[in-house]
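**Student:** Sharing a model that was predicted from the sequence below.
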Amino acid sequence: MNESNKHKRPKYNVEFKQDAAKLVLENGYTQQQAADHLGISLSAIRRWVAAERKPANKPDSTGKKTVLPLADQAELVRLRKENEPLRMEREILKKAAVFFAKEAQ
């Protein structure tokens, strides 16, 4: 299957996901009704509702990943993107320190 035939997953912002979950959790919609109303998949609304229901710090005894609330997921993605260039810079500085230490000898 080439790139043009792959189905692209739509990207939704955190506010949209939280509002969609609130339809189910606070406004009494069923998950199916909310999915149909918003034009999204049922599996997406299920994930978002589960993320908003579960506390972030509750350890999972089954070994599965714990689900972070949607706002925390967005912050985690932002921090990972911010962290990547910092790691690269640190590696460059390490190599430069080794180089200059050899030159000073």
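**Tutor:** Received the coordinates, thanks.
**Student:** could you list every residue that touches the residue nearest the centre of the chain?
**Tutor:** Nearest to the mean C-alpha position of the chain, counting by CA atoms, centre = their mean, stands Gln73 at 4.1 Å. When contacts are counted by CB atoms under 8 Å, 6 or more residues apart in numbering, Gln73 touches Val14, Ala51. For glycine as for every other residue, the C-beta is placed from the backbone atoms N, C-alpha and C.
**Student:** element containing it, please.
**Tutor:** Using DSSP states H and E, the secondary-structure element containing Gln73 is helix 70-104.
**Student:** Now do the same for that helix: mean pLDDT, whole number.
**Tutor:** For helix 70-104, mean pLDDT is 88.
**Student:** how far is that helix from where the chain is centred?
**Tutor:** How far helix 70-104 lies from its chain's middle: 21 Å, per CA atoms, centre = their mean, to the nearest Å.
**Student:** hang on, Leu70 packs against Arg53?
**Tutor:** No: at 11.1 Å, Leu70 does not count as touching Arg53 under the criterion of CB atoms under 8 Å.
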